[in-house]
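Student: here is the input, now give the coordinates:
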Amino acid sequence: MEYTNDLHDALLRKNGVEFWKCWRANFESVNNCVEVEGCVDSDIIVDKFASHFCHLHTHNNAAKAKELYDEYKCMRATYSSFPMKTFIRQ
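Tutor: Model prediction:
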């Protein structure tokens, strides 16, 4: 893929139509996936993704999971961060 300044130039000129045309040409794929594991029903596909990622992120040791969760709760109770004004540039 070759990049040009067209996208940047359209943005600077505030030319929305040209910007989005350029964006689509460079970053959007015309190949949309319509099938996952032989299934085309979007609700079933969503369930398959949810099941897959839920399974990936489950604990394999219940005692260790509880220990980590309790440690998190303890640390969270005393957590403090910088005030938001610290991050705002003036």
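
Student: in what helix or strand does the residue lying farthest from the centre of the chain lie?
Tutor: Most distant from the centre of the chain: residue 63, at 30.4 Å, with distances by C-alpha atoms, centre = their mean. According to DSSP states H and E, residue 63 maps onto helix 62-77.

Student: in that helix, what's buried?
Tutor: For helix 62-77, the neighbour count (16 or more other C-beta atoms under 10 Å) marks no residue as buried. In short, each C-beta sits where N, CA and C put it, glycine included.

Student: list the contacts for the residue farthest from the centre of the chain?
Tutor: If a contact means C-beta atoms under 8 Å, 6 or more residues apart in numbering, then residue 63 has no contacts.

Student: gap between it and residue 70?
Tutor: 11 Å (C-beta to C-beta, to the nearest Å).

Student: same deal with residue 14?
Tutor: According to C-beta to C-beta, residue 14 stands 53 Å off from residue 70.

Student: and residue 54, by the same measure?
Tutor: Applying C-beta to C-beta to residue 54 and residue 70 gives a distance of 22 Å.
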